[in-house]
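*Asks:* Fold the stuff below for me.
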Amino acid sequence: MDFRHLGNSGLMVSEIAYGNWITHGSQVEEDTAAACVRAALDAGITTFDTADVYAKGKAEEVLGRALKGERRDGLEIFSKVYWPMDEGRNDRGLSRKHILRGAEDSLRRIGTDYLDLYQAHRFDYSTPLEETMRAFEDLVRQGKVLYIGVSEWRAEEIEQALKIADEMGFDRIVSSQPQYNMVWRVIESEVVPVSEREGIGQIVWSPLAGGILSGKYKPGQDLPEGSRAADPKSKQAIADKVGDQVLLERVQRLEPLAAEAGLTLAQLSLAWVLQNPNVSSAIIGASRPEQVEGNVKAAGVKLDADLLDRIDEVLGDSVQRDPALTKSPENVRA
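*Replies:* Numbering: from 1, shown residues only. Below you'll find the predicted structure:
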């Protein structure tokens with residue numbers, strides 16, 4: 001496993017991180033989840049990403065139990081706060097009340113006394129940003145959180161938060177967690193330039209586009225049994241891509257390029273993400289340990305410029321680049 005700094009911070013993270021959105025607490029049984037975490041640890045992964053909202057807290061609990069007994073200081077554990085955790089109007093968003101209570105609840109569920117990174121899971125338009133930043137700062141000062149990050153924030157929102165941090169003497173944001181992959185590149189024109197200038201690293205989710213870029217979804221064929229797209233609990237997240245026959249056909253044309261590089265298509269897709277120097281880590285999920293074992297082989301792979309150009313030629317206009325596609329709810333309390 002190779003390691004990178006998280007932005008300009010001193011924190012080192014594994015190039016491949018393990019995440020448990022969808023899987024832990026919902027899609028796979030706990031013994032399988034534990035086996036996947038064990039496979040990640042055995043492969044050298046030290047960075048684990050979760051969120052309070054994943055399976056309404058169960059994912060954090062499953063991850064905590066799976067990591068029990070591991071040396072805590074040898075791990076980087078990340079979580080997030082924002083989405084509704086109950087019916088109350090204050091059980092959501094980035095108010096001081098929700099952030100502080102959310103952090104305490106996440107620490108309890110995971111079974112740790114600190115988080116290496118605590119992330120704002122979306123931007124909250126209904127709470128003053130100064131209040132949000134102060135709440136995160138207090139968690140840092142209390143030692144419950146070591147670093148602060150954001151997820152799916154636009155460039156101008158990141159800049160606003162940095163300005164407040166500088167003016168008020170708060171710790172700055174060190175990371176951004178956006179969706180990023182071969183066909184979803186909306187961060188490249190605005191978020192990445194701001195992040196490079198300000199020392200923020202990307203921890204990217206969905207580097208395989210929900211499995212689309214693994215090549216397992218074939219144009220004109222039935223969905224593979226047991227796949228995310230065939231699971232009623234998770235299929236909505238990738239329904240549009242699975243139904244895009246042009247995209248599926250183009251993805252199949254990437255298979256020979258992967259073979260030329262001595263990689264599977266999933267490994268090529270992960271390696272592609274890691275070619276971006278602003279990416280600190282790419283998050284993988286898994287429903288089987290062997291998926292982890294295969295995907296970690298993308299760490300440390302270098303792709304030449306000609307191969308990157310050929311990938312762009314194959315995908316053509318299937319690539320989404322519009323930064324306006326990064327969105328947060330207008331009012332999470334509505």
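
*Asks:* contacting residues around Glu190?
*Replies:* Arg154, Ala155, Pro323 (CB atoms under 8 Å, 6 or more residues apart in numbering). Every residue, glycine included, has its C-beta placed from N, CA and C.

*Asks:* should've said Arg197
*Replies:* Applying CB under 8 Å, 6+ apart, no residues qualify as near Arg197.

*Asks:* Which parts of the chain are helices?
*Replies:* Under the criterion DSSP state H, the chain carries helices at the ranges 30-42, 58-67, 96-110, 129-141, 155-168, 191-198, 239-242, 245-252, 255-260, 265-274, 289-295, 305-315.

*Asks:* most surrounded residue in the contacts of Glu190?
*Replies:* Arg154 (21 neighbours; other CB atoms under 10 Å).

*Asks:* Give me the neighbour count for the closest residue to Glu290 other than its chain neighbours.
*Replies:* Spatial nearest neighbour of Glu290, excluding adjacent residues (CB to CB, 6 or more residues apart in numbering): Ala39 at 7.7 Å. The number of residues packed near Ala39 is 20, by other CB under 10 Å.

*Asks:* Is Ala39 in contact with Gly294, as I believe?
*Replies:* No: using CB atoms under 8 Å as the test, Ala39 is too far from Gly294 to be in contact (10.0 Å).

*Asks:* The closest residue to Asp113 other than its chain neighbours: neighbouring residues, count only.
*Replies:* In space, and not counting its chain neighbours, Asp113 is closest to Leu107: 6.5 Å by CB to CB, 6+ apart. Around Leu107 there are 21 other residues, counting by other CB under 10 Å.

*Asks:* Distance of Leu107 relative to Val140?
*Replies:* 14 Å (CB to CB, to the nearest Å).

*Asks:* same deal with Ser106?
*Replies:* From Ser106 to Val140 the distance is 15 Å (CB to CB).

*Asks:* The two: which is more packed in?
*Replies:* Neighbour totals were compared for Ser106 and Val140, and Ser106 leads with 24 against 15 (other CB under 10 Å).

*Asks:* so who does the more buried one touch?
*Replies:* Asp52, Glu60, Ser79, Val81, Leu115, Tyr118.

*Asks:* What residue, apart from its backbone neighbours, is nearest the third one spatially?
*Replies:* With CB to CB, 6+ apart as the measure, Ser106 is the residue that lies nearest to Ser79, at 4.6 Å, once sequence neighbours are left out.

*Asks:* shaky segments in the stretch 1-150 of the chain?
*Replies:* Under the criterion pLDDT under 70, the flagged ranges of the stretch 1-150 of the chain are 23-27.

*Asks:* Setting aside sequence neighbours, what's the nearest residue to Glu104?
*Replies:* The nearest residue in space to Glu104 (CB to CB, 6+ apart) is Lys144, at 7.9 Å.

*Asks:* What's the local residue count around the one you found?
*Replies:* Neighbours of Lys144 using other CB under 10 Å come to 18.

*Asks:* So what pairs up with the residue nearest the centre of the chain in the strands?
*Replies:* Centroid-nearest residue in the chain, with CA atoms, centre = their mean: Trp205, separated by 3.1 Å. As for beta bridges, Trp205 partners with Gln179 under DSSP bridges.

*Asks:* who touches it in this structure?
*Replies:* Shown in contact with Trp205 (CB under 8 Å, 6+ apart): Gly19, Trp21, Asp49, Ser151, Gln177, Pro178, Gln179, Tyr180, Ile283.

*Asks:* Count the neighbours of the closest residue to the fourth one other than its chain neighbours for me.
*Replies:* Going back to what we said before, that points to Ser151. Of all residues beyond its chain neighbours, the one nearest Ser151 is Gln177 (3.9 Å), with distances taken as CB to CB, 6+ apart. Close neighbours of Gln177, defined as other CB under 10 Å, add up to 28.

*Asks:* what's the spacing between Gln177 and Ile187?
*Replies:* From Gln177 to Ile187 the distance is 10 Å (CB to CB).
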